[in-house]
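Asks: prediction below, plus the sequence it came from.
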Amino acid sequence: MNVFIVYAHPSEDSFTRRIRDRFIAGLESAGHCYTISDLYRMNFRTDMDEDEYRREAFYRLEAPVPEDVRREQEKINRGDAIVFIYPVFWSDVPAKLKGWFDRVWTYGFAYGPQNISMKRLEKGLVICSAGNTMDYFRKTGLLQSMERVMLDDRLHDRVKTRELVILEATGRATGQATGQATGRENSSREENWDRHLDRVFSLARNL
């Protein structure tokens with residue numbers, strides 16, 4: 001399987017970077033091929049310029065798509081699966097990744113009345129690290145919200161099967177559930193470390 005990874009994290013000194021590396025190791029062990037867009041390392045431009053806005057707002061298929069966007073669309077259409085790896089920022093994706101959707105999901109490619117050019121992929125997998133626990137996400141309704149936005153809106157029927165995986169309690173300090181970090185080390189982060197990375201490896205192997 002040819003897998004396109006969209007990775008968004010501003011620091012290489014992060015647990016999310018280890019998730020990325022472990023996922024790639026799983027792909028390689030299973031004989032899968034992959035391409036990766038590391039949005040921060042690429043310095044991917046996330047804000048639309050006026051020409052892009054007018055193309056989307058007025059549904060102008062004849063207007064050109066920027067070269068950096070076209071390259072991302074080509075990566076998608078060469079793949080069989082798309083995988084997003086990122087940390088949860090304020091119950092959503094980092095701004096880099098949100099801007100990637102804003103610019104890459106263009107009219108005529110990812111949406112339109114008919115004959116869109118985006119390939120329908122076999123699998124869409126979302127893997128994100130989060131400081132809060134799954135119990136917190138469920139109790140607050142944030143889990144359902146994240147699934148609705150990421151799976152039902154952004155991926156929707158652009159993929160045949162889609163899944164959101166949240167790797168919980170990976171923040172560096174305690175107190176994430178209230179948004180008040182205490183500065184104390186989060187013991188569950190270390191306790192969950194190997195379990196999360198093993199799960200990521202298995203997800204990659206079983207794509």
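Replies: Looks like it arrived, so ask away.
Asks: how about I82, what does it touch?
Replies: Contacts for I82 (Cβ atoms under 8 Å, 6 or more residues apart in numbering) come out as 3-6, 76, 121, 123-125, 159. C-beta: built from backbone N, CA, C; applies to glycine.
Asks: try it again at 10 Å.
Replies: Contacts for I82 (Cβ atoms under 10 Å, 6 or more residues apart in numbering) come out as 3-6, 75-76, 119, 121-126, 155, 158-159, 162.
Asks: distance of T106 relative to W100?
Replies: Distance of T106 to W100, computed by Cβ to Cβ, to the nearest Å: 12 Å.
Asks: give me the common contacts of the two.
Replies: Joint contacts of T106 and W100 (Cβ under 10 Å, 6+ apart) are 69, 72.
Asks: now do the helices in this protein.
Replies: 15-30, 39-42, 50-57, 67-78, 95-104, 134-140, 142-147, 187-205 (DSSP state H).
Asks: give me the buried positions along the first one.
Replies: Of the residues in helix 15-30, those scored as buried under the neighbour-count criterion (16 or more other Cβ atoms under 10 Å) are 15-20, 22-24, 26-27.
Asks: where in this protein is pLDDT low?
Replies: Within the chain, the stretches with pLDDT under 70 are 172-190.
Asks: now do the same contact list for A110.
Replies: A110 makes contact with 73, 76, 101, 104, 116-118, 154, 156, 158, according to Cβ under 10 Å, 6+ apart.
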